[in-house]
Structure formats: structure tokens, C-alpha cells
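Peer 1: Prediction below, plus the sequence it came from.
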Amino acid sequence: MTVADKVRSPCVSVCALDENDVCIGCQRTGDEITAWSGLTNEERLEVLKKVAERERQVAL
């Protein structure tokens with residue numbers, strides 16, 4: 001697998017964790033951010049699903 005084949009990080013370079021340990025920029029938890037580089041594409045896609053749900057919750 002090449003670098004181009006890997007699911008890219010949702011990082012937007014606005015890095016600050018809120019009181020729930022969720023980044024206000026990318027909506028990943030501290031644990032998800034730390035683990036990202038070692039995750040498989042399938043695991044990364046699962047994290048992105050969680051990110052999308054968190055983004056929906058913030059928009060409400």
C-alpha cells in the first residue's frame with residue numbers, strides 16, 4: 001500500500017482538546033489522534049464515522 005492509498009487524517013491544524021478530550025478542530029479524541037498512524041484503513045474509516053457523528057452533534 002502506498003501513502004496515496006492510506007485514508008488521510010482529518011486534522012485541520014486547529015489542535016486543542018475540549019473538556020471531553022475531543023479535538024475542536026478534527027473532532028477526534030486524544031486516543032484516536034494518538035493511535036491514527038498505526039490504524040488500518042478500515043479502522044481509520046471507523047474513526048471518521050465517529051468524527052462525522054460528533055460533527056453532527058456540534059452542529060445541533
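Peer 2: That came in fine, so what should we check first?
Peer 1: Show me the helices in this structure, by range?
Peer 2: 30-35, 41-59 (DSSP state H).
Peer 1: Now do the contacts for the spatially closest residue to residue 25 that is not a sequence neighbour.
Peer 2: Leaving aside its chain neighbours, residue 25 sits nearest to residue 14 (3.1 Å; criterion: Cβ to Cβ, 6 or more residues apart in numbering). In short, each C-beta sits where N, CA and C put it, glycine included. For residue 14, the contact set (Cβ atoms under 8 Å, 6 or more residues apart in numbering) comprises 23-26.
Peer 1: Any idea which residue is closest to the centre of the chain?
Peer 2: residue 28 (3.8 Å; Cα atoms, centre = their mean).
Peer 1: Correct me if wrong: that one contacts residue 52.
Peer 2: No - assessed by Cβ atoms under 8 Å, residue 28 is found out of contact with residue 52, at 11.2 Å.
Peer 1: quick one: low-confidence parts of the protein?
Peer 2: 1, 3 (pLDDT under 70).
Peer 1: hmm, back to that, redo the contacts of residue 14 as JSON lines? Include neighbour count.
Peer 2: Formatted as JSON lines, these follow (neighbours: other Cβ atoms under 10 Å):
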{"residue": "23", "neighbour count": "21"}
{"residue": "24", "neighbour count": "12"}
{"residue": "25", "neighbour count": "14"}
{"residue": "26", "neighbour count": "22"}
